[in-house]
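1. With the sequence up front, the predicted model follows.
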Amino acid sequence: MATVAIDSLLQNPGLLFCPKDKVLLKPSRSLNCSRNRKLLFSRGACFCSLKPRRKIHVVKAGSTDTALIDTSDTFSSDDVLYKETFPVTRIEKVEGKIFIRLDQSKDQRNWQLTVGCSLPGKWILHWGVSYVGDNGREWDQPPKDMRPPGSIPIKDYAIETPLKKLSEGDIFHEVKIDFNPSSGIAAIHFVLKDEETGAWYQHRSRDFTVPLVDDLEDDDNMVGAKKGFGTWPGALGQFSNMLLKAEASPANSQNSSSESKDSKKGTRQLEGFYEEQSIVKEVSIGNLVSIAVRKSPDATKNVLYLETDIPGDVLVHWGVCRNDARTWEIPAAPYPPETAVFKNKALRTLLQPKGTGNRSRALFTLDEELVGFLFVLKLDDNTWLNFKGNDFYIPLSGASSVPGQHGESDIAIEEISSKGYTDGIINDIRNLVVGLNSEKSQKTKTKEAQENILQEIEKLAAEAYSIFRSTVPTFSEEAVLETEAPKPAVKISSGTGTGFEILCQGFNWESHKSGRWYMELKEKASEIASLGFTVIWLPPPTESVSPEGYMPKDLYNLNSRYGTIDELKELVKSLHEVGLKVLGDVVLNHRCAHFQNQNGVWNIFGGRINWDDRAVVGDDPHFQGRGNKSSGDNFHAAPNIDHSQDFVRKDLKEWLFWLRDDIGYDGWRLDFVRGFWGGYVKDYLDASEPYFAVGEYWDSLCYTYGEMDLNQDAHRQRIVDWINATSGTAGAFDVTTKGILHSALQRCEYWRLSDQKGKPPGVVGWWPSRAVTFIENHDTGSTQGHWRFPGGKEMQGYAYILTHPGTPAVFYDHIFSHYRSEIAALISLRNRNKIHCRSSVKIVKTEKDVYAAIIDEKVAMKIGPGYYEPPTGSQRWSSVLEGRDYKVWEAS
């Protein structure tokens, strides 16, 4: 019987029933509740548990509500000196099946291909066809009448169709494709994509191919080739056979035979089949590790109790330290049972089961003079768990005075306590809902427009939920009385910072020419920080064919035209010392090769990451890669990397982690992200956990006869789609806003700076927390000048982006120019009034020669030669900055 090893992932274990008689594709499920030792999901997973599935979530350290340890059972409350619960995430593998079935439709004229998957996920069928007489391996898009509902075209060669659940609460997904066997289609090709993880699933490392003609070349990747209809083994197989015989009448057989004779040359008498392919998916499981420390009855000892809900054998690799240096050493006996010495450097203790269930525990008796207890958890030879990249550290000396000490500093970074953020989100959702309801009555309202509004509500709701999930720190009454409330630490999600970032681009197109840029920038570190910047973006660090760094070669060789690897480390350290976060400019889309293949094409890589041509996309004829088709736009100057390959993503994740850990980067500027799917970016960011990340999604705005269109929704939608593909883990440069500012300022058309709903017309108007606004960078300005901002109007641009929501970025050339004092004054104003990436904007005037807005009811601004003064009334305004065609006021 086909079994599905997914017990601990089942959304509703109560749905373990035999498939309905009409759903032949659905696999059977075993009702045997014993352990299934053949399953990859083997760390104590019971095959069929009827208990509700425990919801996987990340619990903040120090959350006593979810602590595993009940101190009333272990210690008396008066004895507890320290108590902490740590969240940990581990990766497990779950095994399932891809199911492929070909059979006739009910009308007995057409045929139907069904593809299903037994694992939970967000599954997408990426597919295309080839026609009789086609040469080569290229796909074509199928006829429109062959595309299932919900399908979207990918470039000009493929279709992506989501797999649907068979029923609500079910985990089984499938999609059905109907086709006419006389349509001249030779084969259907597909791969399966899981949008949750970005993983692609193939057949023997190639596309799945379902042949529909006899003379198709067999690449050893065909399924169902020259096979009869397959059935499931066992009782369910007998049932499927009976149902098939009942459905296939003699009359239908004659019709089918007659139809095949009229088919085009090259087709064949199709035969139904059923085939299964094994599939393994990695999933993240959240668990807890709880610690409690108390005084021992022996006054010279402390007792540490460790408990976890991780199933299976868990080994604690541990030691102690005597000072703040946290140098590991082995303490004196006694030790817990099942403890062994490891290389005279540490101890290893096997946790003992605690009653029933998955919990296990150990009790450690430690000398009172010890300062700390250090440990990591070992699950198997390849799996170790630590806490946020570091060893677990439990303070033993003076623990009673600072309960929860370890977790609190980490929690403070991740909390959201800014009322302005939540209020802004709630207001945006309310406005969108009101607009949707009122516009439903309008007959002109299209379904597409309604869906766009619903998508925007969904984005805002997801952001609100991330805020809701964050815990709020608690303070003792004495602490509140004695100290001023701390500055709120706002965090939206991984990779998007606090919301109060101001970004400095720390180089231009000529910076490599001195050969010592890192050292020159180090000398300016304090100066840059003093201007109010919080983040600095450094140039690409790798060895590169081009001196500017955007044609990388050996990724681990960080000796570049900007300086040596040691100088880079020294620069990063200096920037950190003055309070600046550091972004590395990483080029993931393409890479220059070290060697030629047998055809003389440069597609073989050297260095530490020595890929072959399987790492190169297969649809760029310049570089003859053997990988899959590109998931984005090709960059034709260098081999484009195939991010669908597991080995590629593994190597790049390790590289990014190395840059974070060894060099000290805090986040990333991602080059040319148009070239690959945003879901891969999410994978890289989840692995490297950046403080801040921003992608360069740059394509042309919409023009008609050389004049910019007023409505640029299509352009900003493409950027938003990319951000959405990353699940919001990264922001993107707001190219739309830059382009509209160009036209508005250059042509004195300031009315362009408001969209039809009275909001900013760029990405900042739709998704401000993910919009990185800018007016110039090393490509658009500097000595390249590909898209230079209108001359003499730069300060109008900065008056706009430094007062508005979004995350503003300031170009190096402008910082160290005659604009410096004005830029510094605008940054000071932004920081003083706590303007952040989600600040509210009320556009109060948009005319040909003037644009004016009020931000957070704290700052008023206008750009353009026209007149504007903020209204007088209950709120008084003071002019704080004025320059050429711009002016800024502050609420008194």
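-> Happy to help now that I have it.

2. Which neighbouring elements make contact with the longest strand seen in the chain?
-> Counting residues, the longest strand found in the chain (DSSP state E) is strand 80-104. Counting contacts by 3 or more Cβ pairs under 8 Å, 6 or more residues apart in numbering; DSSP states H and E, strand 80-104 is packed against strand 111-117, strand 208-211, strand 273-295, strand 383-385, strand 392-395, helix 405-414. Bear in mind the C-beta positions are built from the backbone N, C-alpha and C, glycine included.

3. other SSEs contacting the fifth one?
-> In this case it means strand 392-395. strand 80-104, strand 273-295, strand 372-380, helix 405-414.

4. Pipe the ones you listed into a markdown table and attach distance to residue 214 per row.
-> What follows is the helices and strands packed on strand 392-395, written out as a markdown table (distance: least, Cβ to Cβ, whole Å):
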| stretch | distance to residue 214 |
| --- | --- |
| strand 80-104 | 15 |
| strand 273-295 | 15 |
| strand 372-380 | 49 |
| helix 405-414 | 61 |
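
5. and the ones you listed as CSV, adding mean pLDDT and distance to residue 306?
-> Formatted as CSV, the helices and strands packed on strand 392-395 follow (pLDDT from 0 to 100; distance: least, Cβ to Cβ, whole Å):
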stretch, mean pLDDT, distance to residue 306
strand 80-104, 88, 10
strand 273-295, 88, 6
strand 372-380, 92, 8
helix 405-414, 35, 14
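
6. Of the ones you listed, which is nearest residue 753?
-> The minimum distance between residue 753 and the helices and strands packed on strand 392-395 falls on helix 405-414, with 35.3 Å, by Cβ to Cβ.

7. so residue 678 touches residue 723, yeah?
-> Yes. Taking contacts as Cβ atoms under 8 Å, residue 678 lies within contact range of residue 723: 7.1 Å.

8. what residues do the two have in common as contacts?
-> 695, 730 (Cβ atoms under 8 Å, 6 or more residues apart in numbering).

9. which stretch of helix or strand covers the most centrally placed residue in the chain?
-> Centroid-nearest residue in the chain: residue 682, 2.2 Å away (criterion: Cα atoms, centre = their mean). Per DSSP states H and E, residue 682 falls inside helix 678-688.

10. Check the average confidence over that helix, would you?
-> Mean pLDDT, helix 678-688: 94.

11. Now do that helix against strand 273-295, angle only.
-> Per axes from the mean of the first three to the mean of the last three Cα atoms, to 10 degrees, the angle that helix 678-688 makes with strand 273-295 is 30 degrees.

12. for helix 678-688, packing partners?
-> Counting by 3+ Cβ pairs under 8 Å, 6+ apart, helix 678-688 packs on helix 646-658, strand 667-670, strand 692-695, helix 713-725.

13. hang on, isn't residue 543 packed against residue 557?
-> Yes. Contact criterion Cβ under 8 Å: residue 543 and residue 557 qualify, at 4.0 Å.

14. Among these two, which residue is more densely surrounded?
-> Shown here are residue 543 and residue 557; by other Cβ atoms under 10 Å, residue 543 has more neighbours (19 against 15).

15. what's the distance between that one and residue 504?
-> According to Cβ to Cβ, to the nearest Å, residue 543 stands 25 Å off from residue 504.

16. List the residue ranges of this structure that fall below the pLDDT cut-off.
-> 1-78, 135-137, 155, 198, 205, 217-220, 225-268, 398-494 (pLDDT under 70).

17. Can you get me a residue count around residue 585?
-> Burial of residue 585 is recorded as 23 neighbouring residues (other Cβ under 10 Å).

18. Could you do the one 5 residues further on as well?
-> One way to gauge burial is a neighbour count; for residue 590, by other Cβ under 10 Å, it gives 24.

19. partners of it in the sheet?
-> In this structure, residue 590 bridges to residue 640 when assessed by DSSP bridges.

20. go on, residue 192?
-> residue 125, residue 201.

21. what sits against it?
-> Residues counted as contacts of residue 192 (Cβ under 8 Å, 6+ apart) are 98, 115, 117, 123-126, 200-201, 208, 279.

22. Who are the contact partners of residue 793?
-> Per Cβ under 8 Å, 6+ apart, neighbours of residue 793: 745-746, 884-885.

23. Make a markdown table from those and add secondary structure to it.
-> What follows is the contacts of residue 793, written out as a markdown table (DSSP: H, G, I helix; E, B strand; the rest coil):
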| residue | secondary structure |
| --- | --- |
| 745 | helix |
| 746 | helix |
| 884 | coil |
| 885 | coil |
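
24. what sits against the nearest residue to residue 208 once chain neighbours are set aside?
-> Nearest non-adjacent residue to residue 208, counting by Cβ to Cβ, 6 or more residues apart in numbering: residue 190, 5.0 Å away. Neighbouring residues of residue 190 by Cβ under 8 Å, 6+ apart: 115, 125-128, 207-208, 210.

25. 7 Å instead, please
-> Contacts for residue 190 (Cβ atoms under 7 Å, 6 or more residues apart in numbering) come out as 115, 125-127, 207-208.

26. Most widely separated two among those?
-> 115 and 207 (12.6 Å).

27. Doesn't residue 756 lie inside a helix?
-> No. Per three-state DSSP, residue 756 lies outside any helix segment and is coil.

28. and of the helices and strands packed on strand 392-395, who's closest to residue 597?
-> strand 273-295 (30.5 Å).

29. The closest one packs against which elements?
-> strand 80-104, strand 301-308 (3 or more Cβ pairs under 7 Å, 6 or more residues apart in numbering; DSSP states H and E).

30. would JSON lines of those strands with distance to residue 849 and mean neighbour count be doable?
-> Formatted as JSON lines, those follow (distance: least, Cβ to Cβ, whole Å; neighbours: other Cβ atoms under 10 Å):
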{"stretch": "strand 80-104", "distance to residue 849": "55", "mean neighbour count": "20"}
{"stretch": "strand 301-308", "distance to residue 849": "67", "mean neighbour count": "21"}
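
31. for residue 387, which residues make a bridge with it?
-> Residues in a beta bridge with residue 387, per DSSP bridges, are residue 390.

32. these two touch, right, it and residue 86?
-> Yes. Taking Cβ atoms under 7 Å as the definition, residue 387 is a contact partner of residue 86 at 5.5 Å.
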